[in-house]
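Peer 1: Fold the following and give me the result.
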Amino acid sequence: MTTTPCGIAGTGVMGRGIAERCLRLGIPVVLRGRSDASLATARDAIFSSLKMAARRKLIEPEIAENATGLLRCVTDFSDLADCGLIIETVAEDLALKRELLQSLDRATPPETVIGTNTSSFAIAELGEHLVGVSRLIGFHFMNPAASVDFAEIIPGRASEETVAVALAWCERLSLQHIICPDRRGFVVNRLLMALLNEAARLAAEGEVKSVDIDNALRLGCGLPTGPLALIDLIGVDTVTEELANFAEAYGDRFAPAEIFQTLLAQNRLGRKTGKGISQYKF
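Peer 2: Down below sits the predicted model:
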């Protein structure tokens, strides 16, 4: 498996982050995007991030230099056929993910393992219409994927062989992992989204400054990032979508805080738009 490339279907934040992680480790990447324009943007972002990591001495300069020869950008699903593992990273939309997974199922050999980086759907839901459902597995990376050394593995209906391949890739990608039951949110996001939702509600009450909420969790609980800053990193739209999915599965306790609708209406989506909840004037 030393030279087998990792395929990534999706050019957003998570797709770019997983690609960068692979490149830092010298693993070839085949990145599939919908258009040459989206691929060019992703490619520039990946190499810019690698150069920044080299300047900060997080990686050796040679790693950033060698990465250009390890990344191949494609638009056809069939170009992923030689990958040992393909991870889809598109938006948390059930129909979109199902459509993409079906395309991967049709275009790649039956022995290719397909991972989904979903954080809010059950794997059984996503694989409902796949011919090769036994090769689908949940492979949930954390954000930022390039530097967080942890993933959740969710077997769903995966075969033992598929699970073994996924665990081998965890080792290759230097990831610690846990095995999770196939329920929406798994472990990390089921707990994390509850925290982020309550932090948003607390901020909206207006009695505690946003910076104090973040500092309380950073300094008092040892979190590396405060919850409001984390909402902005993940994206207000993504957090809102995940909470709505969890509310459907677990009830009203996960209903998105009202402030999220205000933020969405104002296009305050977090870092992706340059403004979000952590700087909002309540």
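Peer 1: Could you grab the helix/strand/coil label for Phe139?
Peer 2: What DSSP: H, G, I helix; E, B strand; the rest coil gives for Phe139 is strand.
Peer 1: sec struct for the closest residue to it other than its chain neighbours, please.
Peer 2: Nearest residue to Phe139 in three dimensions, chain neighbours excluded: Gly115, at 3.3 Å (Cβ to Cβ, 6 or more residues apart in numbering). C-beta here means a position set from N, CA and C on the backbone, and glycine is covered the same way. Three-state assignment for Gly115 (three-state DSSP): strand.
Peer 1: correct me, but Gly115 touches Gly84?
Peer 2: No: using Cβ atoms under 8 Å, Gly115 is not in contact with Gly84; the gap is 10.7 Å.
Peer 1: If you count surrounding residues, which of the two has more?
Peer 2: Legend: neighbour count by other Cβ atoms under 10 Å for Gly115 and Gly84, higher for Gly115 (31 against 18).
Peer 1: Bridging across strands, which residues link to the more buried one?
Peer 2: Ile87, Ile137 (DSSP bridges).
Peer 1: ok, it - contacts?
Peer 2: 85-88, 136-139, 166 (Cβ atoms under 8 Å, 6 or more residues apart in numbering).
Peer 1: any idea how far it lies from Val163?
Peer 2: Taking Cβ to Cβ, to the nearest Å as the measure, Gly115 falls 11 Å from Val163.
Peer 1: so what sits against both of those two?
Peer 2: Ile137.
Peer 1: which residues in the stretch 101-250 of the chain form helices?
Peer 2: For the stretch 101-250 of the chain, the helices defined by DSSP state H, counting those that start in this stretch occupy 123-126, 160-172, 188-205, 210-221, 227-234, 236-250.
Peer 1: okay, these in CSV with mean pLDDT next?
Peer 2: Formatted as CSV, the helices of the stretch 101-250 of the chain follow (pLDDT from 0 to 100):
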stretch, mean pLDDT
helix 123-126, 95
helix 160-172, 98
helix 188-205, 97
helix 210-221, 98
helix 227-234, 95
helix 236-250, 94
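Peer 1: and those helices as TSV, adding mean neighbour count?
Peer 2: Formatted as TSV, the helices of the stretch 101-250 of the chain follow (neighbours: other Cβ atoms under 10 Å):
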stretch	mean neighbour count
helix 123-126	20
helix 160-172	17
helix 188-205	19
helix 210-221	15
helix 227-234	24
helix 236-250	20
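Peer 1: Adding distance to Ala19, write the ones you listed out as TSV.
Peer 2: TSV is the format used below for these (distance: least, Cβ to Cβ, whole Å):
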stretch	distance to Ala19
helix 123-126	21
helix 160-172	14
helix 188-205	21
helix 210-221	29
helix 227-234	18
helix 236-250	19
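Peer 1: how much space between Leu243 and Asp252?
Peer 2: Taking Cβ to Cβ, one finds Leu243 at 11 Å from Asp252.
Peer 1: list the contacts for Val90?
Peer 2: 9-10, 12, 96-97, 100.
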